[in-house]
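# This is the structure alone, sequence omitted:
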C-alpha cells in the first residue's frame with residue numbers, strides 16, 4: 001500500500017522514450033502523491049497505466065506553458081493545505097526545457113519542501129553517446145526559430161569553452177546545421193542524436209560539414225539533440241595542467257588523470273605522470 005508523502009513538490013523524471021527507463025523511487029512517488037501535476041496529463045496517465053499505477057480519486061491536473069501564475073498559485077495552495085504534489089514533464093527531467101522552473105522557484109521561495117527524483121534526461125543520454133568531451137558542457141536549449149536570431153545566438157555560443165548541447169525539431173535541424181557550419185566552421189566535431197532510447201535510436205558523428213551534408217538528403221523524424229565540440233581556441237585556453245589542477249581538487253589523482261586524458265584525447269600515461277609531478281609540488 002502506498003505510503004503517505006510529506007507535503008511538498010516532488011519533481012519526478014520520466015522516460016524520454018523507453019517506458020522502462022523510470023526509477024523505482026519515481027514509481028513510489030507517483031503511487032503515493034496526493035496530486036499529480038503534469039505537462040501533458042494524457043502522457044502521464046498512460047505512463048502510470050503501463051506501470052500499474054492507478055490515479056483513483058486523486059487529482060491529475062495540467063501544468064504547462066500556458067498555465068501561468070494562476071496555475072502555480074493553485075498548486076501552491078494545494079501544498080499549503082498539506083498535499084504532496086508530484087510534477088512530471090512530458091518526457092525527461094522536469095525543469096530541463098519545460099515550464100517547471102517557475103513552479104519550483106516559487107514553491108521553494110514559499111518555504112515548501114521541493115525535492116527531485118532524478119532519472120532520464122535527453123541531455124545526458126546524448127552527451128554519453130556523442131563521443132565528445134563531457135568534462136564541461138553547456139545545455140543551450142532550443143535554437144531561435146528566426147534565421148537572424150539563430151545566427152546571432154550561435155555567434156555568442158561559438159566561443160564557449162564547453163561541449164554545446166542543443167535541442168532542435170526535425171523540421172529545422174537542416175537550417176541549424178547549415179548555420180553552425182558557416183559560423184562555427186565545417187571541421188568542428190559534432191554529433192546528432194535522435195529517438196534516444198526508442199526502437200529507431202540513431203547517433204550520427206562527424207564534422208559539422210559532414211552532418212550538414214548527411215541531413216540535407218534525409219527526412220528526419222523524432223526528437224533531436226545536436227552536440228558540438230568546443231572550438232580549438234577554447235581548448236587551448238585551458239592547458240592540460242589547468243584541467244588537471246581543477247580535476248585533482250575534486251577527485252583522486254588516478255581518476256583526475258583518467259578524466260583529463262579522456263576529455264582531451266591525450267595518452268593516459270602522459271597525463272598520469274604530469275599529475276604525479278603536480279602532486280609532488282603540493
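Everything's here; your move. Because the structure is a prediction, the values reported are computed rather than measured.

# Now residue 193: which helix or strand?
Using DSSP states H and E, residue 193 sits within strand 189-194.

# again but with residue 20, I slipped
In this assignment (DSSP H and E), residue 20 forms part of neither any helix nor any strand.

# neighbours around it, how many?
9 (other Cβ atoms under 10 Å). Just so you know, the C-beta spots here come from the backbone N, C-alpha and C atoms, and that holds for glycine as well.

# Residue 8 too?
18.

# Ok, the one 4 residues further on next?
Applying other Cβ under 10 Å, we find 28 other residues in the vicinity of residue 12.

# For the stretch 51-200 of the chain, which segments are assigned as helices?
With helices called from DSSP state H, counting those that start in this stretch, the stretch 51-200 of the chain shows them at 68-80, 100-109, 122-130, 147-157, 173-184.

# so which of those gets nearest residue 261?
Of all these, helix 122-130 sits nearest to residue 261, with 17.8 Å by Cβ to Cβ.

# Reformat the helices of the stretch 51-200 of the chain into a markdown table and put mean pLDDT next to each item.
Listed next are those as a markdown table, based on pLDDT from 0 to 100:
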| stretch | mean pLDDT |
| --- | --- |
| helix 68-80 | 93 |
| helix 100-109 | 94 |
| helix 122-130 | 97 |
| helix 147-157 | 94 |
| helix 173-184 | 94 |
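
# CSV for these, including distance to residue 93?
Below are the helices of the stretch 51-200 of the chain laid out as CSV (distance: least, Cβ to Cβ, whole Å):
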stretch, distance to residue 93
helix 68-80, 19
helix 100-109, 9
helix 122-130, 8
helix 147-157, 22
helix 173-184, 22
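
# Return the list of strands paired to the strand holding residue 193, each annotated with direction.
strand 202-207 (antiparallel), strand 224-228 (antiparallel) (DSSP bridges).

# For stretch 37-55, what is the distance to the chain centroid?
Centre-to-centre, stretch 37-55 and its host chain are 22 Å apart (Cα atoms, centre = their mean, to the nearest Å).

# now the strands: where do they sit in this protein?
For the chain, strands defined by DSSP state E occupy the ranges 8-12, 35-38, 60-62, 84-88, 114-117, 137-142, 163-168, 189-194, 202-207, 224-228.

# Could you list the low-confidence segments of the stretch 101-250 of the chain?
Filtered on pLDDT under 70, the stretch 101-250 of the chain yields the residue ranges 232-238.

# how does it look with 80?
Applying pLDDT under 80 to the stretch 101-250 of the chain flags the ranges 231-240.

# and the strands of the chain as JSON lines, adding distance to residue 126?
Listed next are those as JSON lines, based on distance: least, Cβ to Cβ, whole Å:
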{"stretch": "strand 8-12", "distance to residue 126": "21"}
{"stretch": "strand 35-38", "distance to residue 126": "24"}
{"stretch": "strand 60-62", "distance to residue 126": "28"}
{"stretch": "strand 84-88", "distance to residue 126": "21"}
{"stretch": "strand 114-117", "distance to residue 126": "20"}
{"stretch": "strand 137-142", "distance to residue 126": "10"}
{"stretch": "strand 163-168", "distance to residue 126": "7"}
{"stretch": "strand 189-194", "distance to residue 126": "4"}
{"stretch": "strand 202-207", "distance to residue 126": "8"}
{"stretch": "strand 224-228", "distance to residue 126": "4"}
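
# which one of those strands lies closest to residue 68?
Nearest to residue 68 among the strands of the chain is strand 60-62 (11.8 Å), distances taken as Cβ to Cβ.

# Surely residue 256 is in contact with residue 262?
No - taking contacts as Cβ atoms under 8 Å, residue 256 lies outside contact range of residue 262: 11.0 Å.

# Which one's more surrounded, the two?
Neighbour count, other Cβ under 10 Å: between residue 256 and residue 262, residue 256 has more, with 23 against 14.
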